[in-house]
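Student: Sequence first, then the predicted structure, then my questions.
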Amino acid sequence: MRWSPCSSTCGSGMKTRARMCTNPAPSQGGKDCVGSPYEMQQCFEIICPVDGNWGDWSSWSQCSASCGGGNEVRSRNCSNPAPSHGGKPCAGDPTQSQTCANTTCPVGSECPSCDENLNCQWGSVCDVSETCMIRSFPHSPFTVHCSKIQDCEFEKSKLPKGEIFCCYDRSCLTTYLGLTP
């Protein structure tokens, strides 16, 4: 008899065949055929396809900004296991991104450029570690400029003969410069 199809379409399986006790069939009190009427044999058709599966996500990358909204990414590999022998690739994206550092960035004080006649142009902003210093001394030019906060406060405390103002907002500047907001 012929072998049956392999019990597995891929990888290892079993196939069987049967035989009949008919050549000759026992008769007149004769004994049955010796042995099993069935024979089994291992079979191997083709290597089974292995579908891909994702590995673990990597750690998130460093955020692209420290404030004001940035982006960070992470990735994973289709290697647990990798697809092989015609198996399906991993479904989904190999990377993810998300926003990070969503806090508002600190902004320094506004500090106009002014001449000695108090003609001021707004638009400059000091660094967050600075303040806008208004400084006027006898026999010295009048200035409005960004200055380190500690320097402005030091000059204000040590130079009483001058007018020194450390302004942190526009209302302070308009008050001491006599400007309209």
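Tutor: Structure received.
Student: Please pull up the helix or strand immediately following the helix or strand encompassing residue 154.
Tutor: Using DSSP states H and E, residue 154 sits in helix 149-158. Note on helix 149-158: by DSSP H and E, the next helix or strand toward the C-terminus is strand 163-167.
Student: coming back round to it: list the buried residues for the helix holding residue 154?
Tutor: 149, 152, 155-156 (16 or more other Cβ atoms under 10 Å). Placement of C-beta: from N, CA and C, glycine included.
Student: Would you reformat these as a markdown table and include distance to residue 109 and pLDDT?
Tutor: Shown next, in a markdown table, are these (distance: Cβ to Cβ, whole Å; pLDDT from 0 to 100):
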| residue | distance to residue 109 | pLDDT |
| --- | --- | --- |
| 149 | 9 | 91 |
| 152 | 10 | 90 |
| 155 | 16 | 86 |
| 156 | 15 | 84 |
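Student: chain center to the helix holding residue 154: distance?
Tutor: Helix 149-158 has its C-alpha centroid displaced from the chain centroid by 44 Å (Cα atoms, centre = their mean, to the nearest Å).
Student: quick one on the thing from earlier: want to throw the buried residues of helix 149-158 into TSV with distance to residue 16?
Tutor: Below are the buried residues of helix 149-158 laid out as TSV (distance: Cβ to Cβ, whole Å):
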residue	distance to residue 16
149	91
152	96
155	101
156	101
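Student: Residue 111: which of those is nearest?
Tutor: Each of these was scored against residue 111 by Cβ to Cβ, and residue 152 proved nearest at 11.2 Å.
Student: Which residue, other than its chain neighbours, is closest to the closest one?
Tutor: Once flanking residues are discounted, residue 152 sits nearest to residue 166: 4.0 Å by Cβ to Cβ, 6 or more residues apart in numbering.
Student: What is the three-state secondary structure of the residue most central in space within the chain?
Tutor: Nearest residue to the geometric centre of the chain (Cα atoms, centre = their mean): residue 73, 1.7 Å. Following DSSP: H, G, I helix; E, B strand; the rest coil, the label given to residue 73 is strand.
Student: Okay, and the beta partners of it?
Tutor: For residue 73, the beta-bridge partners under DSSP bridges are residue 97.
Student: mind starting the numbering at 14 from now?
Tutor: Sure, I'll start counting at 14 from here, so that last one is residue 86.
Student: quick one: contacts for it?
Tutor: By Cβ atoms under 8 Å, 6 or more residues apart in numbering, residue 86 lies in contact with 73-74, 108-110.
Student: Repeat the analysis, applying 6 Å as the threshold.
Tutor: 74, 108, 110 (Cβ atoms under 6 Å, 6 or more residues apart in numbering).
Student: Show the pLDDT at the first one.
Tutor: Going back to what we said before, that points to residue 74. Looking at residue 74, its pLDDT is 96.
Student: so it is in which element?
Tutor: Assigned by DSSP H and E, residue 74 falls outside every helix and strand.
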